[in-house]
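A.B. asks: sharing a sequence plus its predicted fold:
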Amino acid sequence: AARVFWYHLRMLPFQCGYTNKFRGGIHAHILWLSLSGVVTSSVPPGWEGKQTLEWLLICGTPLAFLLGVAVVWWRIHTMDRFLNLLHAEYQVTLLDIDSTSEGGTRGGAGAGSGFGRTRSAVSLASGTGQS
């Protein structure tokens with residue numbers, strides 16, 4: 001259960017954030033239930049507080065679901081923040097390359113046609129720089 005929850009957090013397989021959050025809550029719920037099963041099976045049968053422990057573990061299941069939703073929300077928020085930083089850096093790099101390409105003039109091959117932007121994007125992706 002822990003591995004499935006971890007892989008879900010790493011991949012976030014669905015486009016819809018609500019679906020990812022719901023599935024994350026379900027996976028956290030299942031993880032909590034499996035850990036609760038291990039805890040209750042390890043308690044000796046004659047212990048007087050076993051029923052109280054079981055009730056506490058059962059009452060923790062909605063909290064586990066909410067914690068799973070919160071962890072997936074945090075992961076989505078972290079990924080969005082990282083992608084926004086990358087996007088902003090990419091846009092600044094494109095503007096810098098476009099302003100220096102073709103000698104800084106508006107004429108020449110590809111001016112106004114978007115060719116300079118395409119060339120700079122390809123050179124950024126390949127890591128070779130602009131020639």
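C.D. replies: Sure, I can see it. Numbers count the residues shown, from 1 in each chain.

A.B. asks: please count neighbours and contacts with C-alpha atoms only from this point.
C.D. replies: Will do.

A.B. asks: quick one, grab the pLDDT at W74.
C.D. replies: The score at W74 is 90. That number is its pLDDT.

A.B. asks: the helix or strand containing it: which residues count as buried?
C.D. replies: Assigned by DSSP states H and E, W74 falls within helix 61-100. Burial within helix 61-100, assessed by neighbour count using 16 or more other CA atoms under 10 Å, is assigned to 61, 64-69, 71-73, 75-76, 94, 97-98.

A.B. asks: for it, packing partners?
C.D. replies: Other helices and strands packing on helix 61-100, by 3 or more CA pairs under 8 Å, 6 or more residues apart in numbering; DSSP states H and E, are helix 17-42, helix 115-126.

A.B. asks: least reliable of those by average pLDDT, please.
C.D. replies: helix 115-126 (a mean of 47).

A.B. asks: SS state for W47?
C.D. replies: coil (DSSP: H, G, I helix; E, B strand; the rest coil).

A.B. asks: L33: neighbour count?
C.D. replies: 18 (other CA atoms under 10 Å).

A.B. asks: now it. Nearest residue, chain neighbours left out?
C.D. replies: T61 (7.3 Å; CA to CA, 6 or more residues apart in numbering).

A.B. asks: report pLDDT for the closest residue to V43 other than its chain neighbours.
C.D. replies: Ranked by CA to CA, 6+ apart and with sequence neighbours excluded, the top spatial neighbour of V43 is K50, at 7.1 Å. What the model reports for K50 is a pLDDT of 85.

A.B. asks: can you count the residues close to K50?
C.D. replies: Neighbour tally, K50, other CA under 10 Å: 15.

A.B. asks: so it touches V39, yeah?
C.D. replies: No - counting by CA atoms under 8 Å, K50 does not reach V39; the two are 10.1 Å apart.

A.B. asks: what's the neighbour count on the closest residue to L66 other than its chain neighbours?
C.D. replies: Closest residue in space to L66, ignoring its immediate chain neighbours: G25 at 6.2 Å, by CA to CA, 6+ apart. The number of residues packed near G25 is 24, by other CA under 10 Å.
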